[in-house]
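[1] Coordinates only, no sequence provided:
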């Protein structure tokens, strides 16, 4: 996966600011973008679930440590250039071999993928001890290992589920089913990672990296069926099968981020003082996953005004009108420079 590149254009909604005013605005927009970018979010490393075998690693702790170190080293080395990789490693004395793999979410940059895998691999022993097999799923990636000869399971066996609370009401289930249908069509079109939205429903699916198109399509279809049974009318859900997973979310005010597995540029609009800066975020390379990022429109002057009003009503502490501390600091610095 290639590196992210960004460029901008502007569209005047009101008379365009002077050059002395526009440059600080551009710097401000880039700074705010850095704070709000999903790539910078720590939730890539959130633990979703772990699966640990009941059997212990044959050969004891020393053999386990050597084999795991060799496997981890091999996986880490490939995480900087691949979003999916599997291999087999063994200890230096030719003892018990370990099969292992990792896969990153299809919309991650190379650097985020590498960081996610590096964060995950040390979790194997800390979460599962000397288990003969382990699988750890983070929000941004997953990795597993198992000793040679470990019993295999069906690729469509459910490993983990999580369902939101409450129901969407109205046409929620109809819209969800339509989004699921679009998701399955996208996967059937040869996209191992695919996201789409319909109405207020956002959905995502990903198959294991070397799964055939037919097996991927079948796996996602099974995951969709299981989500309808397991989660019913819940407004969100994640279904993890052995070879694929899906997720869906309901946004009452409309989907704020959506994508497609088919290649292209992401678009981000950020508005400041009547000037709209549109950032095109693309991934370059032969194996690129397309994603689109939509963020809320941010008006820095509203942030500053809200903070001043809140400070006047709360003894100077300021509730910041619900804005983050990072955004407030950036806007205050901008405000001081412009005075």
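    Okay, I see it. Remember, predicted model here, so these are calculated numbers, not experimental data. Residues are numbered from 1 along each chain as shown.
[2] On the three-state scheme, the residue lying closest to residue 221 once chain neighbours are set aside is what?
    Closest residue in space to residue 221, ignoring its immediate chain neighbours: residue 184 at 5.9 Å, by CB to CB, 6 or more residues apart in numbering. For every residue, glycine as well, the C-beta is placed using N, CA and C. Of the three states, residue 184 takes helix under DSSP: H, G, I helix; E, B strand; the rest coil.
[3] Contacts only, for residue 184.
    205, 217, 220, 221, 224 (CB atoms under 8 Å, 6 or more residues apart in numbering).
[4] For the one helix or strand the fourth one maps to, list every residue counted as buried.
    I take that to be residue 221. According to DSSP states H and E, residue 221 maps onto helix 213-231. For helix 213-231, the neighbour count (16 or more other CB atoms under 10 Å) marks 215-224, 226-228, 231 as buried.
[5] CSV for those residues, including pLDDT and distance to residue 124?
    As requested, these are exported to CSV (pLDDT from 0 to 100; distance: CB to CB, whole Å):
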residue, pLDDT, distance to residue 124
215, 96, 27
216, 97, 26
217, 96, 31
218, 97, 29
219, 97, 25
220, 97, 27
221, 97, 31
222, 97, 27
223, 98, 25
224, 97, 30
226, 97, 27
227, 96, 28
228, 93, 33
231, 94, 29
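[6] Check the gap between residue 89 and residue 100 for me.
    From residue 89 across to residue 100, the span is 7 Å (CB to CB, to the nearest Å).
[7] Now list whatever residues contact both of these two.
    In contact with both residue 89 and residue 100: 71, 74, using CB under 8 Å, 6+ apart.
[8] out of these two, which sits in the busier spot?
    residue 100 (24 against 19; other CB atoms under 10 Å).
[9] Please spell out which residues along stretch 244-254 are buried.
    For stretch 244-254, using 16+ other CB under 10 Å, the buried residues are 244, 245, 246, 247, 248, 249, 250, 251.
[10] Tell me the one of these nearest residue 126?
    Closest approach between the buried residues of stretch 244-254 and residue 126, by CB to CB: residue 245, at 23.1 Å.
[11] Now do the same for that closest one: its pLDDT.
    Reported pLDDT at residue 245 in the predicted model: 98.
[12] Hmm, residue 223 and it touching each other?
    Yes: contact criterion CB atoms under 8 Å: residue 245 and residue 223 qualify, at 6.6 Å.
[13] Give the residue spans of the stretch 101-250 of the chain that score low on pLDDT.
    Filtered on pLDDT under 70, the stretch 101-250 of the chain yields the residue ranges 168.
[14] repeat that with 80
    Scanning the stretch 101-250 of the chain for pLDDT under 80 picks out 166-170.
[15] Where do the strands of it begin and end?
    133-138, 141-147, 158-163, 193-198, 201-207, 236-241, 244-250 (DSSP state E, counting those that start in this stretch).
[16] can you tell me which of those strands comes nearest to residue 121?
    strand 141-147 (6.2 Å).
[17] so that closest one versus strand 244-250, what angle?
    150 degrees (axes from the mean of the first three to the mean of the last three CA atoms, to 10 degrees).
[18] Strand 141-147 - contacts with which helices or strands?
    Secondary-structure packing of strand 141-147 (3 or more CB pairs under 8 Å, 6 or more residues apart in numbering; DSSP states H and E): helix 60-79, strand 97-104, helix 110-120, strand 133-138.
[19] how close does residue 216 sit to residue 223?
    11 Å.
[20] now residue 45
    24 Å.
[21] do residue 241 as well
    From residue 241 to residue 223 the distance is 5 Å (CB to CB).
[22] Please enumerate the shared neighbours of these two.
    What both residue 241 and residue 223 touch, as defined by CB under 8 Å, 6+ apart, is the set residue 156.
[23] what sits against residue 131?
    Neighbouring residues of residue 131 by CB under 8 Å, 6+ apart: 52, 53, 54, 55, 56, 57.
[24] Among those residues, pick out the one closest to residue 179, please.
    residue 52 (33.7 Å).
[25] so what's the closest residue in space to that closest one that isn't next to it in sequence up against?
    Ranked by CB to CB, 6+ apart and with sequence neighbours excluded, the top spatial neighbour of residue 52 is residue 128, at 3.6 Å. Contact partners of residue 128, counting by CB under 8 Å, 6+ apart, are 50, 52, 53, 134, 136.
[26] go on, residue 76?
    114, 117, 118, 121.
[27] Repeat that for residue 134.
    Counted by CB under 8 Å, 6+ apart, residue 134 has contacts 50, 51, 52, 53, 124, 127, 128, 144, 145, 146.
[28] Can you give me the domain boundaries for the protein?
    Following automatic domain parsing, one finds the domains of the chain at 4-41+265-338, 43-147, 158-250.
[29] Let's see the distance spanning the second one from one end to the other.
    The first and last residues of domain 43-147 sit 30 Å apart, counting by CA to CA, to the nearest Å.
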